[in-house]
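Q: structural data only, the sequence is not supplied:
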């Protein structure tokens, strides 16, 4: 999370220096959305995780099922670092270097580590940013920890 906070500070400073404080606000808002994703997974809070997604997003129900199963069968540690972000005050695209460590709840159970660049599209709905696309969805699928 320290890397995300540092990224926000640097980006805000650069955006304000370049005369683009509104884009800095959009960036800051998007980083808050990303932080809530990591917090929701690590804190086993599926409603918090899913709250930032547009319910009309393709794959929404699949994602909710994956995350629910994942958090029910394992302890999840999540770390996200923004790689690239583009867009304006209404639509943003962000690439996330996402690391997951999935530890079985079974005593001496396996640990599965995943790391992948995840692509998210966000749109501003009223005053809130919502994720309208996240790929690949199968990154969040629960691993087969009993094998």
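A: Ah, there it is. Quick caveat: nothing in here was measured; it's all calculated off a predicted structure. Residues are numbered from 1 along each chain as shown.
Q: which other helices and strands does whichever strand or helix holds residue 40 contact?
A: Taking DSSP states H and E as the definition, residue 40 sits inside helix 21-42. If contacts are counted by 3 or more Cβ pairs under 8 Å, 6 or more residues apart in numbering; DSSP states H and E, helix 21-42 sits against helix 2-17, helix 46-50, helix 60-73, strand 74-87, strand 91-104, strand 111-125, strand 128-135. Just so you know, the C-beta spots here come from the backbone N, C-alpha and C atoms, and that holds for glycine as well.
Q: how about low-confidence regions in this structure?
A: 1-24, 145-147 (pLDDT under 70).
Q: switch the cut-off to 90
A: 1-27, 36, 38-45, 73-74, 104-109, 127, 143-147 (pLDDT under 90).
Q: thinking residue 39 is in contact with residue 47, fair?
A: No - with contact defined as Cβ atoms under 8 Å, residue 39 does not count as touching residue 47 (11.9 Å).
Q: who has more neighbours out of those two?
A: residue 39 (15 against 8; other Cβ atoms under 10 Å).
Q: can you give me how far the helix holding residue 40 is from the chain middle?
A: Distance, stretch centre to chain centre, for helix 21-42: 9 Å (Cα atoms, centre = their mean, to the nearest Å).
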